[in-house]
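> Turn this into a model:
(one chain, ligands or ions: 2)
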Amino acid sequence: MSFDTLGLAEPLVRALSVAGYTEPTSVQAEAVPAALQGADLMVSSRTGSGKTASFVLPALMRVLALRESEPRPAPMPRPDGGPRAPRGPRFVPQGPSVLVLAPTRELALQVAKAAGDYGRYVPGLRVATVVGGVPYGAQLRALSGPLDILIATPGRLLDHLGAGKLPLGRVGLLVLDEADRMLDMGFIEDIHAIAAALPQQRQTLMFSATFSGPAGRLAEELLREPRRIEVASHTETHADIEQRLHWADDLRHKNALLDHILTTREVDQALVFTSTQRDAEALALRLADMGHAVDALHGGMPQGRRNRVLDGLRSRRLRVLVATDVAARGIDVKTISHVINYGLPMKEEDYVHRIGRTGRAGRTGLAVTLAERRDFGMVQRIQRFTTQRIPAATISGLEPRTPEPAPRPKFGAKPGGFGGKPGPKRFGNGPKPGYGKPFARGGAAKPGR
Ligand code: ADP
Ligand code: MG
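Ligands and ions are numbered 1, 2, ... in the order given. Coordinates of the predicted model:
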């Protein structure tokens, strides 16, 4: 993956290569294209993962686009002394088109430096900062000229706004960097006052370590149909989450394991993951038949219904939620004690997102993976990705009859050897040609009841 595949203009790609960046970080690869499409974003990823560029680059793209549409300044006198071209209408737009709010002066200055670095080939780029600890006079001078990107701490910005010195009517992009920290510092009212002074028609990007609590509420108030981008740090240890792996002989055995786990008393609330929307629906129905307070949550459901299901989880009307990966992003319910991987994820990083739904807010959680033999490759990929082994466990009376799979499973050699649903889609280093076709849609597994 390289920067020009993200949809960035040539001057930005060039500046990035001068900065020594060869490829985008994960958060940049996800956030930049989404931001360029105009979406509002809620982004969380660990410190040092390159979030600054993931909003500064879209901001610079906006500046470049405006350069195209803005009237040009009056032409310069011709160097040969010839007649000046007639002066065009000289309209220099006032106020920034991009506003970035950051919690501290240091952070604001860092962002300004990044804007200067990545924007070094943007013609006449104008970046200003408004932070505490700088005399008002100097700041006012910087603000009185034409401006593209303004980076500010909320308190000082509000001072200027109150003095009527700051036209914000041109802001088409608002960025909140480290929103959770700004809220911790008590900037909530300032942020609201600033947002109220901005055009309604705008894009908003919000970066925060967490979107639970006040940051989530702020996002609800300021963002429109935001896309959630969460980049897991894959080698994080998840000290509060105990991981277990149960090998299942077949679907019937897997269902028996699930049923056993769900009926134990330690389960406060459980989030059960399936690979597909259909599986989520079917499993929720089966569990409801057994008497569980359960519902399904997946991306095929209308937003209104999804919200009601989530409310049900928060209000504890539901004890079990059966969900797909996409729908479960951003679920933050502290009482989820168990995450159960009933269907394995399609991508190994989704495993990390999934288990991160438990063990929140200082509580401990249990993440149980129910794997059939055909899931072996994905289990290995997850372990490589997290650089951790998931300890295998058994439940007495429900031990697997077949031994734990070992690397280089022989069953892959026979086409159609294993029944049941096809396994998760394999990426990258799947079986090599000549191995035959593993996990073919052979005989359908019998329902496990
Ligand atoms: P965050 O805001 O997520 O904590 P920063 O945006 O401050 O992270 O970036 C952390 C460091 O990584 C900075 O020094 C930045 O220059 C560098 N960096 C950002 N993106 C890239 C990239 N694509 N390639 C190499 N270095 C990068
Ligand atoms: Mg940052």
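> Not counting its own residues, what contacts the longest helix seen in the chain?
For the chain, the longest helix by residue count, based on DSSP state H, is helix 51-69. The set of residues that contact helix 51-69 without belonging to it, under CB atoms under 8 Å, 6 or more residues apart in numbering, is 6-9, 11-12, 16, 21, 24-25, 27-28, 31-32, 35-36, 43, 45, 97-98, 100, 110-111, 114-115, 118-119, 122-123, 125, 148-149, 172-173, 175, 177, 205, 207. In this view, the C-beta of every residue, glycine as well, is placed from N, C-alpha and C.
> and those residues, which are buried?
Among the contacts of helix 51-69, those that count as buried by neighbour count (16 or more other CB atoms under 10 Å) are 6, 8, 11-12, 16, 21, 24-25, 27-28, 31-32, 35, 43, 45, 97-98, 100, 111, 114-115, 118-119, 122, 125, 148-149, 172-173, 175, 177, 205, 207.
> Let's see which of those residues end up in helices.
Using DSSP H, 11-12, 16, 27-28, 31-32, 35, 111, 114-115, 118 are the members of these that sit in helices.
> Export those as a markdown table, with columns for distance to ligand 1 and pLDDT.
Compiled in a markdown table, those are given as follows (distance: CB to the nearest ligand atom, whole Å; pLDDT from 0 to 100):
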| residue | distance to ligand 1 | pLDDT |
| --- | --- | --- |
| Pro11 | 17 | 96 |
| Leu12 | 12 | 97 |
| Leu16 | 7 | 96 |
| Val27 | 7 | 91 |
| Gln28 | 6 | 95 |
| Ala31 | 10 | 97 |
| Val32 | 10 | 97 |
| Ala35 | 14 | 98 |
| Val111 | 9 | 96 |
| Ala114 | 7 | 96 |
| Ala115 | 12 | 98 |
| Tyr118 | 10 | 97 |
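> Would you check which pair of those lies furthest apart?
Pro11 and Val27 (22.2 Å; CB to CB).
> Output the helix or strand of the chain with the lowest mean pLDDT as PDB, restricted to C-alpha atoms.
When the helices and strands of the chain are scored by mean pLDDT, DSSP states H and E, helix 325-328 comes last with a mean of 78. Once non-C-alpha atoms are left out, helix 325-328 reads as follows in PDB (Å, rounded to 0.1, in the frame of the first residue of the first chain):
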ATOM      1  CA  ASP A 325     -18.000  -7.900  13.400                       C
ATOM      2  CA  VAL A 326     -19.200  -4.700  11.600                       C
ATOM      3  CA  ALA A 327     -22.200  -4.300  13.900                       C
ATOM      4  CA  ALA A 328     -20.300  -4.800  17.100                       C
END
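> What segments of the stretch 101-250 of the chain are helices?
Ranges of helices within the stretch 101-250 of the chain are 105-118, 136-144, 154-162, 179-184, 188-196, 214-222, based on DSSP state H, counting those that start in this stretch.
> and these, which one's lowest on average pLDDT?
Among those, helix 136-144 carries the lowest mean pLDDT, a mean of 80.
> Report all helices and strands that it contacts.
The elements that helix 136-144 packs onto, with contact taken as 3 or more CB pairs under 8 Å, 6 or more residues apart in numbering; DSSP states H and E, are strand 127-130, helix 154-162.
> Give me the spatial nearest neighbour of Pro96, chain neighbours excluded.
Counting by CB to CB, 6 or more residues apart in numbering, Pro96 lies nearest to Leu150, which is 3.8 Å off, once chain neighbours are set aside.
> Likewise for Gly145?
In this structure, Gly145 finds its nearest non-sequential neighbour in Arg126, 7.0 Å apart by CB to CB, 6+ apart.
> what about that neighbour, how many neighbours?
Counted by other CB atoms under 10 Å, the residues lying close to Arg126 total 15.
> Mind pulling up the pLDDT for whichever residue of the stretch 201-350 of the chain sits closest to ligand 1?
Using CB to the nearest ligand atom, the single residue of the stretch 201-350 of the chain nearest to ligand 1 is Phe207, 7.4 Å away. At Phe207 the predicted local confidence, pLDDT, stands at 96.
> Can you give me the domain assignment for this protein?
Residue ranges of the domains in the chain are recorded as 3-67+91-230, 241-275+287-292+311-386, according to automatic domain parsing.
> before we move on, the earlier item: state the distance from the residue of the stretch 201-350 of the chain closest to ligand 1 to Val111.
Phe207 is 11 Å from Val111, where distance means CB to CB, to the nearest Å.
> cool, and Glu372?
When Glu372 is compared with Val111 (using CB to CB), they lie 48 Å apart.
> One more: Ala296?
42 Å.
> and what of Ala248?
Between Ala248 and Val111 the distance is 50 Å, computed by CB to CB.
> go on, Ala270?
Here the criterion is CB to CB. By it, Ala270 lies 41 Å from Val111.
> do Ala406 as well
Ala406 sits 51 Å away from Val111, taking CB to CB as the criterion.
> who are the neighbours in contact with the residue nearest to the spatial centre of the chain?
Residue closest to the mean C-alpha point of the chain, counted by CA atoms, centre = their mean, is Ile229 at 1.4 Å. For Ile229, the contacting residues are 27, 30-31, 34, 41-45, taking CB under 8 Å, 6+ apart as the criterion.
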